[in-house]
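In: Sequence first, then the predicted structure:
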Amino acid sequence: MVMVMGEVWTKLGSSLAGLMFMYAMFQQYIPYNFRSNFEKYVHKWVGFINPYIQITFNEFVGERLERSQAYLAIQTYLSASSSKQAKRLKGDLVKNSTKLVLSMDDHEEVPDEYQGVKLWWAASKKVSKQPSFSFYPTSSDEKRYYKLTFHKKYRELMVDSYLSHVLKEGKEIAVRNRQRKLYTNSTGHKAYWSHVVFDHPATFRTLAMEKEKKEEIIDDLITFSKSKEYYAKVGKAWKRGYLLYGPPGTGKSSMIAAMANLLNYDVYDLELTAVKDNTELRKLLIETSNKSIIVIEDIDCSLDLTGQRKKKPEKEETEELDPLQKKAKEESSTKDSKVTLSGLLNFIDGLWSASGGERLIVFTTNHVEQLDPALIRRGRMDKHIELSYCSFEGFKVLAKNYLDIESHHLFGVIEQLLGETQMTPADVAENLMLTTLTRNTETCLENLILALKDVKVQTSLKAEEEAKEKEQTRLKAEKKAKEKEAELQSKDEAKQDKLASKDDDNEVNKV
Ligand SMILES: Nc1ncnc2c1ncn2[C@@H]1O[C@H](COP(=O)(O)OP(=O)(O)OP(=O)(O)O)[C@@H](O)[C@H]1O
């Protein structure tokens with residue numbers, strides 16, 4: 001048996017060697033024209049009897065050999081099935097991606113199925129016959145491609161539907177895996193966005209806020225992100241405005257980070273004071289990518305009601321800076337910036353704002369009442385969200401985040417005190433943070449109770465003072481009014497006396 005197998009292998013080996021030899025002879029001695037005609041007819045003949053269709057997707061396309069977007073999308077699409085089915089894989093960290101993309105190695109094949117139809121993807125490469133001047137073949141000598149094979153009776157389904165599905169899925173996976181960025185506008189010769197990796201840990205789960213309100217916002221955001229067709233149908237640009245308002249430390253910035261993390265969007269933090277004029281503002285808008293949140297924080301500090309620029313209070317701004325920073329700040333604040341309210345309104349919903357899509361525009365403010373109604377009317381700022389002082393429900397979220405507890409015998413006191421006082425989630429969180437130092441939940445909650453009691457005392461003292469001031473002002477006004485009344489009365493009396501004496505004189509004259 002072993003002898004017979006040995007003979008078969010020997011015969012097979014020598015036949016293969018013979019075939020290879022003939023092929024080499026064919027390549028070397030048969031003229032190119034004849035060879036290409038021969039290959040053409042072989043392909044035609046094979047195509048005639050072969051019921052399968054093949055489509056090739058090259059890695060580099062065009063005259064400038066740019067990386068094909070289709071190839072990249074297919075690579076990403078296949079990464080999931082490749083990692084499960086292929087035996088030889090390649091791992092690569094694709095640009096802007098947070099995850100390692102696993103793709104099948106050359107000459108591997110994986111099956112796929114679409115609407116019950118079976119098809120095959122193969123990874124392959126052509127090695128260029130161009131003479132290479134370097135000792136080793138360079139990577140540009142190898143042209144990689146994916147080959148899709150399917151039965152010809154599914155041609156329509158594959159071309160019309162399956163390929164779009166692959167490209168869409170591939171792009172969506174790439175978006176999910178992409179490294180998100182936090183952009184900020186800078187000025188130089190002209191305005192531009194510079195960026196860092198966006199890595200904020202806030203999520204809706206960690207936000208201290210009422211459950212119902214949170215769910216409503218999450219629903220709104222998800223509905224928006226899935227409404228491409230709806231926006232197209234009603235003829236509106238695919239964007240949505242959010243106005244977040246409330247006192248400092250109530251979580252406006254945290255909510256923006258949670259939004260970006262939920263939807264997987266980039267964040268563009270637009271500093272209006274650094275934008276020269278409306279044209280520059282428009283240019284910055286055009287440069288933003290889809291799937292992004294454009295944020296203007298403290299909008300009330302950037303524009304006043306008439307649309308003229310306002311300078312931020314200089315004392316507050318420069319107090320903590322070193323001399324160099326102060327100088328830079330002064331230079332930038334004296335720069336003549338001419339962004340107007342109408343420029344900003346154009347930025348939000350002018351024609352240019354419709355370029356691209358899937359964008360959220362978020363304004364934050366501590367003083368909603370100071371904003372121009374035109375700027376925040378529904379339609380521009382579609383959703384107004386108030387972030388307020390910490391409620392008991394909000395506190396429970398923070399207690400779970402910071403202390404990992406859902407109930408405690410001190411919760412009752414805290415609930416009562418939170419109902420009687422106004423403490424921001426930032427301050428509550430600050431008190432709960434102490435646990436990492438004390439490593440004691442009880443002490444930590446007691447500290448919070450002390451802080452809340454302190455706030456309560458301060459608030460009632462302030463209220464008393466305010467009431468006193470009010471009373472004093474009222475008394476002063478009353479006194480003033482009385483004095484004025486007395487003055488008027490005495491003037492009136494003097495007038496009456498004068499008239500009376502005049503009448504007496506007239507009588508005397510008559511007599
Ligand atoms: N609602 C909240 N839920 C969870 N943490 C919060 C919340 N509000 C504030 N914090 C905590 O306080 C810190 C400051 O909050 P944040 O910067 O989001 O407030 P803000 O309203 O944007 O303040 P400002 O108006 O001063 O910019 C955050 O880093 C976070 O730890």
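Out: Right, received. Where do you want to start? None of these values were measured; they are calculated from a predicted model.
In: show me what contacts Thr459?
Out: 421-422 (Cβ atoms under 8 Å, 6 or more residues apart in numbering). Quick note: C-beta positions are derived from backbone N, CA and C, even for glycine.
In: let's see it at 7 Å
Out: Thr421 (Cβ atoms under 7 Å, 6 or more residues apart in numbering).
In: again, but for Ser289
Out: So Ser289 contacts Asp266 (Cβ under 7 Å, 6+ apart).
In: For the residue in the chain positioned nearest to the ligand, give me the pLDDT.
Out: The chain approaches the ligand most closely through Gly251 (2.7 Å), counting by Cβ to the nearest ligand atom. The model reports Gly251 with a pLDDT of 94.
In: these two touch, right, it and Pro425?
Out: Yes - between Gly251 and Pro425 there is a contact under Cβ atoms under 7 Å: 5.5 Å.
In: quick one: common contacting residues for the two?
Out: Common neighbours of Gly251 and Pro425 (Cβ under 7 Å, 6+ apart) are Ala208.
In: Mind picking out the helix or strand in the protein with the poorest mean pLDDT?
Out: Ranked by mean pLDDT, DSSP states H and E, the weakest helix or strand in the chain is helix 314-318, scoring a mean of 44.
In: The nearest residue to His165 once chain neighbours are set aside bridge partners, please.
Out: Here the nearest residue to His165 in space, its sequence neighbours aside, is Tyr114; by Cβ to Cβ, 6 or more residues apart in numbering that works out to 6.8 Å. Beta-bridge pairing for Tyr114 (DSSP bridges): Val117.
In: Hmm, Tyr114 is touching Tyr162, no?
Out: Yes - with contact defined as Cβ under 7 Å, Tyr114 and Tyr162 form a contacting pair (4.7 Å).
In: Settle it for me: which of the two has more neighbours?
Out: Shown here are Tyr114 and Tyr162; by other Cβ atoms under 10 Å, Tyr162 has more neighbours (19 against 16).
In: Could you verify that that one is part of a helix?
Out: Yes - counting by DSSP: H, G, I helix; E, B strand; the rest coil, Tyr162 falls inside a helix.
In: quick one: contacts for it?
Out: Tyr114.
In: State the pLDDT value of the closest residue to Lys181 other than its chain neighbours.
Out: Distance criterion Cβ to Cβ, 6+ apart; nearest residue to Lys181, sequence neighbours excluded, is His195 at 4.3 Å. Looking at His195, its pLDDT reads 88.
In: do the one 10 residues further on as well
Out: Listed pLDDT for Arg205 reads 94.
In: now the one 4 residues further on
Out: pLDDT, the model's per-residue confidence, is 93 for Met209.
In: Equivalent analysis for Tyr136, please.
Out: Taking Tyr136 on its own, its pLDDT is 50.
In: do the one 3 residues further on as well
Out: We have a pLDDT of 49 for Ser139.
In: repeat for Glu320
Out: At Glu320, pLDDT is 49.
In: ok, now Asp427?
Out: Value for Asp427, per-residue pLDDT: 93.
In: what residues does the chain put near the ligand?
Out: Contact residues (Cβ under 6 Å from any ligand atom) of the chain with the ligand: 206-209, 248-254, 366, 425-426, 429.
In: can you do 8 Å?
Out: Residues of the chain lying close to the ligand (Cβ under 8 Å from any ligand atom) are 202, 206-209, 244, 246-255, 257, 297-298, 364, 366, 387, 390, 394, 397-398, 401, 424-426, 429-430.
In: What is the end-to-end distance of stretch 86-102?
Out: Terminal residues of stretch 86-102 are spaced 10 Å apart (Cα to Cα, to the nearest Å).
In: before we move on, back to that, okay, and the residue nearest to Lys181 sits in which element?
Out: strand 192-197 (DSSP states H and E).
In: got the CA coordinates for that strand in CSV?
Out: The C-alpha atoms that make up strand 192-197 are tabulated as CSV, following Å, rounded to 0.1, in the frame of the first residue of the first chain:
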residue,chain,number,x,y,z
TYR,A,192,-8.2,75.7,11.0
TRP,A,193,-9.3,72.8,13.3
SER,A,194,-6.6,71.0,15.3
HIS,A,195,-7.5,67.8,17.1
VAL,A,196,-6.6,65.4,19.9
VAL,A,197,-8.1,61.9,20.5
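In: buried ones in the next helix or strand after it?
Out: Using DSSP H and E, the helix or strand that follows strand 192-197 towards the C-terminus is helix 211-225. For helix 211-225, a neighbour-count test (16 or more other Cβ atoms under 10 Å) marks 213-214, 217, 221, 224-225 as buried.
In: domain ranges for the protein?
Out: 6-48, 51-128+140-179, 181-386, 392-479 (automatic domain parsing).
In: what's around the residue nearest to Lys181, how many residues?
Out: 14.
In: Count the neighbours of Leu448 for me.
Out: 26.
In: Any regions of the stretch 351-500 of the chain where pLDDT drops low?
Out: Confidence mapping of the stretch 351-500 of the chain against pLDDT under 70 gives the ranges 352-356, 434-439.
In: try 80 this time
Out: For the stretch 351-500 of the chain, applying pLDDT under 80 flags the ranges 351-357, 378-379, 434-439.
In: Many thanks, have a good one.
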